[in-house]
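A.B. asks: got a structure for you, letters missing:
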């Protein structure tokens, strides 16, 4: 082979080898690009799937939240009257201080108590300022046409003065305990709305002597017949427990004196706490589990009832 022919073979072989190497490199680069594109596509698909799942979860939470809000603020429930407000804040005050009560709801009637019991439509109707002469727990509710009863407003007023004693009741000379005469009574046991049942008796005592001249015809501490007429334990969504009872009669020396009256006690509600939680997406469902407090009658709670009919008593 001539020198020229050998040189041509060498050049051709080098070019062929270079072409093969360039082709292999291009193929490898193409494969790497395809792998990277595939990996990117997989990552994009995973991210899109995660975002879709997050959107779906958020939509589900929003739907649940809307359902919870609707269950609280709409549906078959009726509007309730606004909570009454007192003109003076709770605390220590001088004897003779007057307190006014207002309710923002139009045409609302305000009922109130001053003895620690829960007001009902049978309680006194607010018609003007209330004078506070002794330490008092003032409670008020409002009821308006076509509305449910308002939440209870409660304020404790402390007056630094001697407690007014309960004086004996003195009968007229004929010894007749007249109808509508008020008798002072006091509770003598603990009753909780969680365990009480309708029909259970409740221990109540007369809290004053009833005298005929110098003789005591009904001594203080005489038991009074009374029974539970309503007992509901606390529930979810801040609903409080409640207890109601009615007195029937008091018996002394074989003579039964029919009585008329009773009281209601409601535990503290947590409606405001429920409303606060329901607006928080994470804690909204937990708001439905918030319970109110049970009502508990304790010994020493006083109240008055009326004599139902004229009843002659003997010394």
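C.D. replies: Nice, I can see it. Please read all numbers here as calculations on a predicted model, not as lab measurements. Residues are numbered from 1 along each chain as shown.
A.B. asks: Following the worst-scoring helix or strand of the chain on mean pLDDT in sequence, what is the next regular element?
C.D. replies: Least confident helix or strand, the chain: helix 284-287 with a mean of 51, by mean pLDDT, DSSP states H and E. Sequence-wise, the next helix or strand downstream of helix 284-287 (DSSP states H and E) is strand 296-297.
A.B. asks: Is residue 265 bridged to anything, and to what?
C.D. replies: Using DSSP bridges, the bridge partners assigned to residue 265 are residue 243.
A.B. asks: wait, what's in contact with it?
C.D. replies: Listed by Cβ atoms under 8 Å, 6 or more residues apart in numbering, the contact partners of residue 265 are 117-118, 193, 242-244, 295-297. C-beta: built from backbone N, CA, C; applies to glycine.
A.B. asks: Tell me the one among these nearest to residue 208.
C.D. replies: Distance to residue 208 across the contacts of residue 265 (Cβ to Cβ) is lowest for residue 117, with 18.3 Å.
A.B. asks: so which helix or strand takes in the closest one?
C.D. replies: Counting by DSSP H and E, residue 117 is part of no helix or strand.
A.B. asks: In space, what's closest to it - neighbours in sequence excluded?
C.D. replies: Using Cβ to Cβ, 6 or more residues apart in numbering and skipping residues adjacent in sequence, the residue nearest residue 117 is residue 263, 4.4 Å away.
A.B. asks: quick check, the one you found in a strand?
C.D. replies: Yes. Under DSSP: H, G, I helix; E, B strand; the rest coil, residue 263 falls within a strand.
A.B. asks: List the beta-bridge partners for residue 303.
C.D. replies: With DSSP bridges as the criterion, residue 303 is bridged to residue 185.
A.B. asks: please renumber so the chain begins at 57
C.D. replies: Got it, first residue is 57 now, which makes that one residue 359.
A.B. asks: For it, which residues are in contact?
C.D. replies: By Cβ under 8 Å, 6+ apart, the contact list for residue 359 reads 171, 173, 240-242, 317, 319.
A.B. asks: tell me the contacts of residue 286?
C.D. replies: Contacts of residue 286 by Cβ under 8 Å, 6+ apart are 254, 298-300, 320.
A.B. asks: Quick check: beta-bridge partners of residue 215?
C.D. replies: Beta-bridge partners for residue 215, by DSSP bridges, are residue 149.
A.B. asks: Tell me how many other residues crowd it.
C.D. replies: Look at residue 215: counted by other Cβ atoms under 10 Å, it has 17 neighbours.
A.B. asks: My understanding was that it contacts residue 151; is that so?
C.D. replies: Yes. Judged on Cβ atoms under 8 Å, residue 215 makes contact with residue 151 at a distance of 5.3 Å.
A.B. asks: Show me whatever sits in contact with both of the two.
C.D. replies: Taking Cβ under 8 Å, 6+ apart as the criterion, residue 215 and residue 151 both touch 188-190.
A.B. asks: Much appreciated, bye for now.
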